[in-house]
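Trainee: this one's structure only:
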């Protein structure tokens, strides 16, 4: 019996490589600006790019302290040395409320006092964020409960004039949005948890002692130091977050503003300190660009890819890192 041996050769060659670019950002500072550079290196794994440059943005608004006074307050000066800070940043107007409104609307919307019922029907940052699928919450110290709409709390520690969210009709009349105005203590457990549990945009208003309105700059500075420590210890901040701390207006007699800018047209609210607290920024960095409250709004809008409101749309308006 003759056996046939049939040899079948199967040649198969397949190559498979996944090469992804991983980008590292190096921030260099100069006396006039902050520049961003990047370099690309090969990696064997694919890493999805973050949706936003800063996945979480925190804003804290303090009260009634000019730049020089803030830098003369030990706690505030220590924060400026530990993190980055501005040297030429200006508030919008006097008194408090127009500044808060401008930070959300890009305009004072004609408000020139601390009125308690001057509600407005106007576009604003919170509703833009909601429409874009960006989560947000406003945390008010001293507020009795979510969506509290009275101008003052029984304790006397919460003042609606420091809570701009309740002045917009499309927030106060929408329970789902209005309930995103929360008491400050509800933020602490979120900060201790995973980054995913913290809203993308977080606004914090201290009570009228801790913001420096009714108490000393030293007392307010101590509170601020503790709040900054809570935020910078969180996974939300450590994973590329940004924290901006500003003061609503300067000292009462300071009406300075940027010449020819929208800030000067509303009277100017004075020269104030703004702290820029981000992982990767060199301690003690001084940001010397001309900036104002509309610059901060524009910075947030651009980070979350939403439209530019009012004066924040000015092409020449500088932004924060």
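Mentor: Looks like it arrived, so ask away. Computed from a prediction, not measured in an experiment: that's the story for all the values here. Numbers count the residues shown, from 1 in each chain.

Trainee: got the end-to-end distance for stretch 89-106?
Mentor: Counting by Cα to Cα, to the nearest Å, the length from the leading to the trailing residue of stretch 89-106 is 16 Å.

Trainee: chain center to it: distance?
Mentor: Centroid displacement of stretch 89-106 relative to its chain, using Cα atoms, centre = their mean, to the nearest Å, is 15 Å.

Trainee: please begin residue numbering at 13 from this point
Mentor: That works, and once the first residue is 13, the last one we named lands at stretch 101-118.

Trainee: all helices of the protein, in order?
Mentor: Secondary structure of the chain (DSSP state H): helices at 79-83, 86-94, 108-117, 137-143, 181-184, 187-190, 200-203, 229-244, 247-250, 274-277, 305-315.

Trainee: winner for burial among the ones you listed?
Mentor: Neighbour counts (mean count of other Cβ atoms under 10 Å) averaged over each of these peak at helix 108-117, with a mean of 26. C-betas here are computed from N, CA, C, even on glycine.

Trainee: mind listing residues that contact that one?
Mentor: Outside helix 108-117, the residues within contact range by Cβ atoms under 8 Å, 6 or more residues apart in numbering are 71, 73, 75-76, 103-105, 119-121, 123-127, 132, 134-138, 173-177, 179-180, 225, 260-261, 278, 281, 305-306, 308-309, 321-323.

Trainee: show me which of those are buried.
Mentor: The neighbour-count criterion (16 or more other Cβ atoms under 10 Å) marks 71, 73, 75-76, 103-105, 119-121, 123, 126, 132, 134-138, 173-177, 179-180, 225, 260-261, 278, 281, 305-306, 308-309, 321-323 among the contacts of helix 108-117 as buried.

Trainee: returning to that earlier point: out of the contacts of helix 108-117, which sit inside strands?
Mentor: Under the assignment DSSP state E, those contribute 71, 73 to strands.

Trainee: what about the residue lying closest to residue 285 once chain neighbours are set aside, distance to residue 283?
Mentor: In this structure, residue 285 finds its nearest non-sequential neighbour in residue 82, 4.0 Å apart by Cβ to Cβ, 6 or more residues apart in numbering. Relative to residue 283, residue 82 is positioned 10 Å away (criterion: Cβ to Cβ, to the nearest Å).

Trainee: what's the answer for residue 118, then?
Mentor: Shown here: residue 118 relative to residue 283, a distance of 21 Å by Cβ to Cβ.

Trainee: how about residue 148?
Mentor: 29 Å.

Trainee: got the contact list for residue 94?
Mentor: Counting by Cβ under 8 Å, 6+ apart, residue 94 has contacts 295, 296.

Trainee: do that again at 6 Å, thanks
Mentor: Contacts for residue 94 (Cβ atoms under 6 Å, 6 or more residues apart in numbering) come out as residue 295.
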